[in-house]
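Colleague: Output the structure for:
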Amino acid sequence: MASVVDPDMFQVPLAALCNSTREALSTHLNPLKVLPTDEGLLRDWRGLAQLAGFSGQMVALMGSKPDPTAQVLSQWRQGSVGLLRSILGQLDRWDIVNDTQNMMDHDAVLFLKRKEETGASAPELDADVDKEILTIADVYRLEQGMEPQRYDAFLLFADEDQDFAMQIMDRMETEYGLKLCLRDRDLVGGLTFEHEAIMRLIARRCNRLIVIASPNFLKSEANKFFVTFATALGIDQRLRKVVPVMYQRCQLPPELTYYFWLDYSRAGKLYDFWTKLHNSIHSPSNMQSSRTNLPAIKANGEESCSLKPQPVLEHNTVISSNWKDEDPADSCSLGSENSSTLSQNFEASVLKKQKSLSLESLKSKTFTKLLNKISRRKAQLAEAT
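Modeller: Got it, this is the predicted structure:
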């Protein structure tokens, strides 16, 4: 490959010659020379056309033009600056070589520089990959063939509380090694709908949502919408999605009052705000399911033991004082307990199931209300934007 500093002229096409260089060549070659070279070559443009491989008919056609040398240079597709110099030497036109050497060198260097500048072309966009890019980290990870970036938590705060949010970011990322997502720092530009991108991050990429509550925070309808959205996700997925932080005292909306809040202003020997915040965000990734001695909680609220599951009773099941159909081998280590103890344990299990079913019903109603509220607020945000 030709080097820009010391170019190989045989690799530089004639197209690299600028107009001033071509005019200089025409000035020297257009006038006809009478004396040929020792090999019988004409020492003007005709000799150049002959050595360039043009036919006699083409040479005659070029001679009918006002600038035949320009015709030879433009029609000579396979020619190069190095080959042109070589032919001029064969024609004993060293005068032309000396007069145009600096001009040709300058043209060659300029041509190669422009070629390098335009050589790097932007890759074609892949729609499937581009739609996964929400944050700056996604760009680097997807270039390396990795999955999009996941975060320990999305940090949601009012612009007026930015200084405190920076404290949380610095402590959690520097001291505890967590990865937080912040709108102004991490989101890429050009997202069509910012709120939709944040919703995707909260739902799919962030394990938690840290809410920094303050009077300024509650002034934003968007902030309240994101909290409601995360709350609904937590209920639907049965996850502890929201990590609420009380930065400044304020009147909370009803859907946020039942959370256990981390109070930044609280002081006490047993209360370490930063450690408590880290433990609330952190999600252990290597949880071992060695819980053989603990009861497993089913999705429908029933409690089972390490042996065989107990019979599931509906709401209208009649509770008798004696469990006559029970096989001791199928019970949860009841062994030689008397019938009174069996009855008490059984009644306690049924009461616990009834409470669990009531809680499920309450969650279902709460989730429905939250979904309705999300729909209304999303419509309000759409109208505002």
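
Colleague: Quickly note the distance from the residue most central in space within the chain to residue 247.
Modeller: Residue closest to the mean C-alpha point of the chain, counted by C-alpha atoms, centre = their mean, is residue 138 at 2.4 Å. Distance of residue 138 to residue 247, given as C-beta to C-beta, to the nearest Å: 29 Å. For every residue, glycine as well, the C-beta is placed using N, CA and C.

Colleague: And residue 192, by the same measure?
Modeller: The spacing between residue 192 and residue 247, counted by C-beta to C-beta, is 32 Å.

Colleague: cool, residue 63 as well?
Modeller: 90 Å.

Colleague: same question, residue 190
Modeller: Noted for residue 190: a distance of 32 Å to residue 247, by C-beta to C-beta.

Colleague: higher neighbour count, these two?
Modeller: Taking neighbours as other C-beta atoms under 10 Å, residue 190 and residue 247 compare with residue 247 leading, 22 against 7.

Colleague: hang on, that one packs against residue 216?
Modeller: No. Taking C-beta atoms under 8 Å as the definition, residue 247 is not a contact partner of residue 216, at 9.3 Å.

Colleague: Quickly list what's touching both of the two.
Modeller: residue 161 (C-beta atoms under 8 Å, 6 or more residues apart in numbering).

Colleague: Please, where are all the strands along this protein?
Modeller: In the chain, the segments counted as strands under DSSP state E are 151-156, 180-181, 206-213, 242-246, 262-263, 296-297, 303-304.

Colleague: quick one: contacts of the third one?
Modeller: Contacting residues not belonging to strand 206-213 are listed as 150-158, 161, 164-165, 168, 180-181, 202, 217, 223, 226-227, 230, 240-248, 250, 252, 256, 261, 277, 280-281, 283 [C-beta under 8 Å, 6+ apart].

Colleague: Could you identify the buried members of those residues?
Modeller: Those of the contacts of strand 206-213 that meet the buried threshold are 151-158, 161, 164-165, 168, 180-181, 202, 217, 223, 226-227, 230, 241-248, 256, 277, 280-281, by 16 or more other C-beta atoms under 10 Å.

Colleague: If you count neighbours, what's buried in stretch 197-205?
Modeller: Residues 197-199, 201-202, 205 are the ones in stretch 197-205 that count as buried (16+ other C-beta under 10 Å).

Colleague: Give me the spatial nearest neighbour of residue 51, chain neighbours excluded.
Modeller: Excluding the flanking residues, the one nearest residue 51 by C-beta to C-beta, 6 or more residues apart in numbering is residue 87, at 4.8 Å.

Colleague: isn't the one you found right up against residue 49?
Modeller: No. Contact status for residue 87 versus residue 49: not in contact, 10.0 Å apart, counting by C-beta under 8 Å.

Colleague: which of the two has more neighbours?
Modeller: When neighbours are counted by other C-beta under 10 Å, residue 87 and residue 49 differ, and residue 49 comes out ahead with 26 against 18.

Colleague: Could I get the pLDDT score of that one?
Modeller: Listed pLDDT for residue 49 reads 93.

Colleague: those helices in this structure, which residues are they?
Modeller: For the chain, helices defined by DSSP state H occupy the ranges 19-29, 45-51, 56-63, 68-75, 81-90, 94-117, 127-130, 136-143, 162-170, 183-186, 194-200, 221-237, 273-281, 339-384.

Colleague: So which elements touch the fourth one?
Modeller: For helix 68-75, the elements it packs on are helix 19-29, helix 45-51, helix 56-63, judged by 3 or more C-beta pairs under 8 Å, 6 or more residues apart in numbering; DSSP states H and E.

Colleague: C-alpha coordinates for the second one, PDB please?
Modeller: Which is helix 45-51. Included here for helix 45-51 are C-alpha records, laid out as PDB according to Å, rounded to 0.1, in the frame of the first residue of the first chain:
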ATOM      1  CA  TRP A  45       1.800  13.700 -27.000                       C
ATOM      2  CA  ARG A  46       1.800  11.200 -29.900                       C
ATOM      3  CA  GLY A  47       4.600   9.200 -28.400                       C
ATOM      4  CA  LEU A  48       2.800   9.200 -25.000                       C
ATOM      5  CA  ALA A  49      -0.400   7.900 -26.700                       C
ATOM      6  CA  GLN A  50       1.600   5.200 -28.500                       C
ATOM      7  CA  LEU A  51       3.300   3.900 -25.400                       C
END
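
Colleague: That helix: how far from the chain's middle?
Modeller: In terms of C-alpha atoms, centre = their mean, to the nearest Å, the centre of helix 45-51 is set 60 Å apart from its chain centre.

Colleague: Use 832 as the first number from now on
Modeller: Got it, first residue is 832 now, which makes that one helix 876-882.

Colleague: what's next to it, contact-wise?
Modeller: With C-beta under 8 Å, 6+ apart, helix 876-882 has contacts from 860-861, 863, 867-868, 872-873, 889-890, 893-894, 899-900, 903, 915, 918-919, 921-922.

Colleague: Filter these down to the buried ones.
Modeller: 860, 872-873, 890, 893, 899-900, 903, 915, 918-919, 922.

Colleague: which one of those sits closest to residue 943?
Modeller: Top of the list for closeness to residue 943, among the buried ones among the contacts of helix 876-882 and by C-beta to C-beta, is residue 915 at 16.7 Å.

Colleague: Need the pLDDT of the closest residue to that closest one other than its chain neighbours.
Modeller: If you skip the residues right next to it in sequence, residue 915 has residue 845 as its closest partner in space, 6.6 Å away by C-beta to C-beta, 6+ apart. Per-residue confidence for residue 845 comes out at a pLDDT of 90.

Colleague: residues touching residue 845, list them.
Modeller: Taking C-beta under 8 Å, 6+ apart as the test, what residue 845 contacts is 904, 907, 910-912, 915.
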